[in-house]
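In: Curious how this folds, go ahead:
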Amino acid sequence: MEIIKADKSHKKYVLKLLDDFRTACNAIIDPKKKYVSTTAKDNGGSTFDNVINSTSSAIFLAKQGNEYIGIVTVYKIPKIRKGEYCGEIEEMYVNQNFQGKGVAQLLIDAVIDWAKKEGMVTIRLESSNELKRAHGFYEKVGFSFHARGYERKI
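Out: Prediction:
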């Protein structure tokens, strides 16, 4: 297994993994609903192009043989008040067949290495309340619960 930093050539794999991620999350949040996400494939292409060209973001992929099995996206966020930068993990997903096999740890390690090189002092993330297994993993690798997240559509 290897962890690679995505580039333009990984677009279709990134979009597929992000749709798989949303499908898996929705199956946990509302198991009765048979929802299959295509929003990344349908809408995410131009955003991917912008993100992949940015020096303030990174997408890491886990690859087993010829199969892409995991993803994490991270962004460098300024904290002007503190005079520092933090990393913000937006998405993190490992294919169900590979969960519990160290893939997520390798993805987090890649994020931490990148964040250190970029001069960040913290990494943060948000997670849906229903994703209890993910919460256990985050705490196991050193994250602590400290806030609530809010979102408003505009």
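In: residue contacts, the nearest residue to Lys79 once chain neighbours are set aside?
Out: Leaving aside its sequence neighbours, Lys79 sits nearest to Cys86 (CB to CB, 6 or more residues apart in numbering; 5.8 Å). Heads up, the C-betas are built off the backbone N, CA and C, glycines and all. The contact partners of Cys86, by CB atoms under 8 Å, 6 or more residues apart in numbering, come to Lys76, Ile77, Lys79, Met120, Val121, Thr122, Ile123, Arg124.
In: Just to check, the first one is in contact with Ile89?
Out: No - counting by CB atoms under 8 Å, Lys76 sits too far from Ile89 to count as a contact (11.5 Å).
In: Kindly tell me how buried Ile3 is, as a neighbour count.
Out: Ile3 has 17 neighbours, counted by other CB atoms under 10 Å.
In: meant to ask about Asp7, not that
Out: 12.
In: Could you do Thr39 as well?
Out: By the criterion of other CB under 10 Å, Thr39 has 12 neighbours.
In: Beyond the longest strand belonging to the chain, next helix or strand please.
Out: Identified as the longest strand of the chain according to DSSP state E is strand 67-79. The helix or strand immediately downstream of strand 67-79 is strand 84-94, counting by DSSP states H and E.
In: That following strand: which residues count as buried?
Out: Residues Tyr85, Cys86, Gly87, Glu88, Ile89, Glu91, Met92, Tyr93, Val94 are the ones in strand 84-94 that count as buried (16 or more other CB atoms under 10 Å).
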